[in-house]
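Asker: no sequence on hand, only this structure:
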């Protein structure tokens with residue numbers, strides 16, 4: 001039985017994973033920043049695992065997850081606020097200048 005080794009290659013009309021990632025990054029640049037922050041916080045908290053003291057492991061992991069999620073949610077919220085500012089405040093200012 002021969003395996004189809006090219007099954008993961010996108011067809012000519014589809015974007016590759018890297019092209020799709022770059023396009024999404026241009027559309028909303030704060031999402032990759034939030035993802036990076038999430039990974040940094042998680043890596044730091046896991047690195048500090050030995051120095052957790054008398055804190056239970058489950059509590060330490062919950063705090064790690066909450067801190068990492070806060071970075072991701074914060075980046076998404078900043079992106080939403082920026083989009084609303086760009087759509088409503090800047091556009092309203094441009095409309096007032098036209099009159």
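Answerer: Happy to help now that I have it. Given the structure is predicted, the values throughout are model-derived calculations rather than measurements.
Asker: just give me the neighbour total for residue 52.
Answerer: Counted by other C-beta atoms under 10 Å, the residues lying close to residue 52 total 15. Glycine gets a C-beta too; all of them are placed from N, C-alpha and C.
Asker: tell me the spatial nearest neighbour of it, not counting adjacent residues.
Answerer: Leaving out its chain neighbours, the residue that sits closest to residue 52 by C-beta to C-beta, 6 or more residues apart in numbering is residue 60, at 4.8 Å.
Asker: count the neighbours of the one you found for me.
Answerer: 16.
Asker: do the same with the one 10 residues further on
Answerer: Residue 70 has 14 neighbouring residues, counting by other C-beta under 10 Å.
Asker: not counting residues beside it along the chain, what's closest to it?
Answerer: residue 41 (7.9 Å).
Asker: repeat for residue 76
Answerer: That would be residue 34: by C-beta to C-beta, 6+ apart, it lies 6.1 Å from residue 76.
Asker: and residue 67, what is it in contact with?
Answerer: Contacts for residue 67 were tallied using C-beta atoms under 8 Å, 6 or more residues apart in numbering; they are 41-42, 45.
Asker: out of those, which are buried?
Answerer: 41-42, 45 (16 or more other C-beta atoms under 10 Å).
Asker: sort out for me which of these are in helices.
Answerer: Using DSSP state H, the subset of those located in helices is 41-42, 45.
Asker: okay if I get those residues as JSON lines plus distance to residue 19 and pLDDT?
Answerer: Shown next, in JSON lines, are those (distance: C-beta to C-beta, whole Å; pLDDT from 0 to 100):
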{"residue": "41", "distance to residue 19": "29", "pLDDT": "91"}
{"residue": "42", "distance to residue 19": "27", "pLDDT": "87"}
{"residue": "45", "distance to residue 19": "33", "pLDDT": "88"}
